[in-house]
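Enquirer: give the three-dimensional model of this entry:
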Amino acid sequence: MKYLVLALTLAFSGKTMAQDTYLQCGRLVDTGSGKILKEKTIVVSGEKISRIENGYVSGASKDKVVDLRSKTVLPGFIDMHVHIESQSSPKAYINRFTMNEADIAFESSVYARRTLMAGFTTVRDLGGTGVNIALRKAISKGLVEGPRIFTAGKAIATTGGHADPTNGRKKELMGDPGPREGVVNSPEDGKKAVRQRYKDGADVIKITATGGVLSVAKSGRNPQFTIPEIKAITEIAADYGMLTAAHAHGDEGMQRAVKGGIKTIEHGSFMSEETMELMKEYNAYMVPTITAGKKVAEKAEVKGYFPDVVAQKAREIGPLIQDTFARAYKRGVPIAFGTDAGVFPHGENAAEFVYMTEAGMPIMEALQAATVTNADLLGMGDELGQLKAGYIADIVAVEGDPLKNVELLQQVDFVMKEGKIYK
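Expert: Reported below is the predicted structural model:
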């Protein structure tokens, strides 16, 4: 009788009881414990998981039931290294001169949706033009479908460094970019660049500690920051609560980055055993981006895809990353999951799971790197990365058992983000 009275009261007051979603899961990956749980039901209320029940449970008639009994259900994946604004193509070096911010914005919305549909509900964007900040806002407002974004805005380089936006231009167009544009040459410049990114709305800081592959510059591995410059950047970033990352292929640049306080080393191609021990000492994480290394090496063999100076670096550096990752993992270097999507097509991020397991990391550990580890690094370990009561309902599912066939992770067919089903 009391439930009837409550229902009538709500009806006459113009209110309705909220609908819950019941996800009936055949297998559930508990990334916290590293165990597989069978025949569970996740109850989602609003944007969060309210509880997980044993067996296959249905709610009231008003509630939604989703049959995932043939599937493996996992937390939404987190990619710690993407470039959401763009995607590799032979035209990439021309596009810098022909595309306006509006063009970049429309294209980036397509890449964002592809990323989400692939099961990546959170990403860390490590550098673009600044449109990535506007895209993050549009997604958070529900105007565009895409993953939750933590973005660096524009990466920070030194003059002529990997992220100097004027590399490869003729003299009349080079100018002298400074901290606002992400080019620094002193500790004071570095401090100003971090504060500018905070002002612009960036969430994290990324520097290019060494040369890189895809920039139109000679070296792909030389160190490009001094330790005092790096320390100035990381100290100010810490003041603003911003996680720091360093693109780094060369070993000396990696060592400077780690000693300077950088938290994640991206790529790590020429990482020595000495640097691996240093990363363990400083609790710095390697973000391998194996997929990017393999893809740029492939494209280097396609005539005209890259400028000659880029193709030469891609052939040298790209094939190294998977082996370096294997050695770093065996040595106990902390590992986070990141792909460098944008260097290869967005939406193919889960190929990284395949390459990580090929290199010797068990699939459960790779999944934990892409969920629990990355959530902790982003300061959201109490909200993301696990399927637990009180956590944000970022949930994906694949048919079959990916712990027996890792390639299934590339075929995500259910995606929920913040309690809303997108796929």
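Enquirer: hmm, Gly119 and Gly347 touching each other?
Expert: No: because the distance of 9.6 Å does not satisfy Cβ atoms under 8 Å, Gly347 is recorded as not touching Gly119. Backbone N, C-alpha and C define where each C-beta goes, glycine included.
Enquirer: looking at these two, which one has more neighbours?
Expert: The residue with more neighbours, out of Gly347 and Gly119 and counting by other Cβ atoms under 10 Å, is Gly119; that gives 30 against 20.
Enquirer: mean confidence score for the top helix by length along the chain?
Expert: Taking DSSP state H as the assignment, the helix of the chain that covers the most residues is helix 101-117. For helix 101-117, the mean pLDDT works out to 95.
Enquirer: any idea how far the helix or strand that it is followed by is from the chain center?
Expert: Using DSSP states H and E, the helix or strand that follows helix 101-117 in sequence is strand 120-125. Put simply, strand 120-125 sits 4 Å off its chain's centre (Cα atoms, centre = their mean, to the nearest Å).
Enquirer: for stretch 341-359, same thing?
Expert: Averaging C-alpha positions (Cα atoms, centre = their mean) puts stretch 341-359 11 Å from its chain's average.
Enquirer: also stretch 24-31?
Expert: Taking Cα atoms, centre = their mean, one finds the center of stretch 24-31 at 23 Å from the center of the full chain.
Enquirer: hmm, who's touching that stretch?
Expert: 36-42, 52, 56-57, 65-75, 364, 367-368, 371-372, 385-387, 397, 401 (Cβ atoms under 8 Å, 6 or more residues apart in numbering).
Enquirer: so where's the stretch 1-150 of the chain uncertain?
Expert: Low-confidence segments of the stretch 1-150 of the chain, defined by pLDDT under 70, are located at 1-17, 92-94, 97.
Enquirer: what ranges do the helices span in it?
Expert: Secondary structure of the stretch 1-150 of the chain (DSSP state H, counting those that start in this stretch): helices located at 2-12, 92-98, 101-117, 131-140.
Enquirer: can you mark which positions in the last one are buried?
Expert: Spelled out, it's helix 131-140. Judged by neighbour count using 16 or more other Cβ atoms under 10 Å, the buried positions of helix 131-140 are Val131, Asn132, Ile133, Ala134, Leu135, Arg136, Ala138, Ile139.
Enquirer: looking at those, which is nearest His81?
Expert: Using Cβ to Cβ, Asn132 is the member of the buried residues of helix 131-140 that sits closest to His81, with 13.0 Å.
Enquirer: tell me which element Gly253 is part of?
Expert: Secondary-structure assignment from DSSP H and E places Gly253 in helix 251-259.
Enquirer: list the buried residues for that helix?
Expert: Buried residues in helix 251-259, counting neighbours by 16+ other Cβ under 10 Å, are found at Asp251, Glu252, Gly253, Met254, Gln255, Arg256, Ala257, Val258.
Enquirer: now the helices: where do they sit in the stretch 251-400 of the chain?
Expert: Listed in chain order, the helices of the stretch 251-400 of the chain (DSSP H, counting those that start in this stretch) span 251-259, 273-282, 290-299, 308-317, 321-331, 351-358, 363-368, 374-377.
Enquirer: least confident of those helices, on average?
Expert: Set side by side, the helices of the stretch 251-400 of the chain differ in mean pLDDT, and helix 308-317 is lowest with a mean of 82.
Enquirer: quick check: angle from it to helix 290-299?
Expert: Helix 308-317 and helix 290-299 are oriented at 130 degrees to each other (axes from the mean of the first three to the mean of the last three Cα atoms, to 10 degrees).
Enquirer: need the contact list for Lys313.
Expert: Each residue near Lys313 by Cβ under 8 Å, 6+ apart is listed here: Gly211, Gly212, Val213, Gly220.
Enquirer: and Ala152, by the same measure?
Expert: In this structure, Ala152 makes contact with Arg124, Asp125, Leu126, Gly127, Asn132, Arg197, Ala202, Asp203, Val204, Ile205, Lys206, Ala245, judged by Cβ under 8 Å, 6+ apart.
Enquirer: walk me through the domains of this protein.
Expert: For the chain, the domain assignment from automatic domain parsing gives the residue ranges 2-76+385-421, 77-377.
Enquirer: now, of these, which is deepest in the fold?
Expert: Ranked by mean neighbour count, the domains of the chain are led by domain 77-377 with a mean of 21 (mean count of other Cβ atoms under 10 Å).
Enquirer: can you get me the start-to-end distance on that domain?
Expert: End-to-end span of domain 77-377 (Cα to Cα, to the nearest Å): 14 Å.
Enquirer: now stretch 115-129, how far from the centre of its chain.
Expert: 5 Å.
Enquirer: what does stretch 22-37 give?
Expert: Here stretch 22-37 shows a centroid-to-chain-centroid distance of 23 Å under the convention Cα atoms, centre = their mean.
Enquirer: need the CA coordinates for it. CSV is fine.
Expert: Taking C-alpha atoms only, stretch 22-37 is exported to CSV below (Å, rounded to 0.1, in the frame of the first residue of the first chain):
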residue,chain,number,x,y,z
TYR,A,22,20.7,-3.5,-15.4
LEU,A,23,23.7,-4.9,-17.3
GLN,A,24,23.6,-8.7,-17.1
CYS,A,25,27.3,-9.8,-17.5
GLY,A,26,28.5,-13.2,-18.5
ARG,A,27,32.0,-12.4,-17.4
LEU,A,28,33.2,-9.3,-15.6
VAL,A,29,36.8,-8.2,-15.4
ASP,A,30,37.7,-7.0,-11.9
THR,A,31,40.7,-4.9,-12.8
GLY,A,32,41.4,-4.2,-9.1
SER,A,33,41.9,-7.8,-8.2
GLY,A,34,42.9,-9.1,-11.6
LYS,A,35,40.1,-11.7,-11.4
ILE,A,36,37.3,-12.7,-13.8
LEU,A,37,33.9,-12.8,-12.1
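Enquirer: Ile233 belongs to a helix, doesn't it?
Expert: Yes: under DSSP: H, G, I helix; E, B strand; the rest coil, Ile233 falls within a helix.
Enquirer: ok, Phe129 - contacts?
Expert: For residue 129 the amino acid is Thr, not Phe. With contact set as Cβ under 8 Å, 6+ apart, Thr129 has these partners: Glu85, Glu101, Ile104, Lys154.
Enquirer: return the residues in contact with the second one.
Expert: The neighbours of Glu101, taking Cβ under 8 Å, 6+ apart as the test, are Thr129, Gly130, Val131.
Enquirer: that's all I had, so thanks and see you.
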